[in-house]
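> no sequence on this one, just coordinates:
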């Protein structure tokens, strides 16, 4: 499976009804350095009903945004 497909899969899991699945998806997106998931993580941060999931989305967003800025500086 390509990295792009794995990222797409974990992005789709951000909408799962189970909190633990959403938390796992967020962790996987961080491991994949999936800066393309930033818009979806922002949506989770603003709209998820679970505080732990919102916090994880916020932390992931910070890490991935920093990575995105670093990549842009290297170009």
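Everything's here; your move. Values in this document were obtained by computation on a predicted structure and should not be read as measured data. Numbering: from 1, shown residues only.
> give the contact list for residue 54.
Residue 54 makes contact with 44, 45, 46, 48 under the criterion Cβ atoms under 8 Å, 6 or more residues apart in numbering. No exception for glycine: its C-beta is placed from N, CA and C like everyone else's.
> same thing but 6 Å
Each residue near residue 54 by Cβ atoms under 6 Å, 6 or more residues apart in numbering is listed here: 45, 48.
> so for the helix or strand where it lies, what's the average pLDDT?
Element membership for residue 54, per DSSP states H and E: helix 51-74. On average, the pLDDT along helix 51-74 is 96.
> buried sites along it?
Buried residues in helix 51-74, counted by 16 or more other Cβ atoms under 10 Å: 53, 54, 56, 57, 58, 60, 61, 64.
> which one of those is nearest to residue 72?
Nearest to residue 72, judged by Cβ to Cβ, of the buried residues of helix 51-74 is residue 64 at 12.6 Å.
> got a list of what the closest one touches?
Counted by Cβ under 6 Å, 6+ apart, residue 64 has contacts 35, 38.
> now with 7 Å, please.
Contacts for residue 64 (Cβ atoms under 7 Å, 6 or more residues apart in numbering) come out as 30, 34, 35, 37, 38.
> follow-up on the earlier one: just give me the closest of the buried residues of helix 51-74 to residue 22.
Taking the buried residues of helix 51-74 together and measuring to residue 22 by Cβ to Cβ, the closest member is residue 53, at 4.9 Å.
> next one: phi and psi at the residue lying closest to the closest one once chain neighbours are set aside?
Once flanking residues are discounted, residue 53 sits nearest to residue 22: 4.9 Å by Cβ to Cβ, 6 or more residues apart in numbering. According to degrees, to the nearest 10, the main-chain angles of residue 22 amount to phi -60, psi -40.
> okay, residue 22 and residue 70: tell me how far apart.
26 Å (Cβ to Cβ, to the nearest Å).
> also residue 26?
20 Å.
> just residue 63 next, same as before
11 Å.
> repeat that for residue 14.
24 Å.
> ok, now residue 2?
The gap separating residue 2 from residue 70 is 23 Å, by Cβ to Cβ.
> try residue 12
Applying Cβ to Cβ to residue 12 and residue 70 gives a distance of 27 Å.
> nice, that's everything, thank you.
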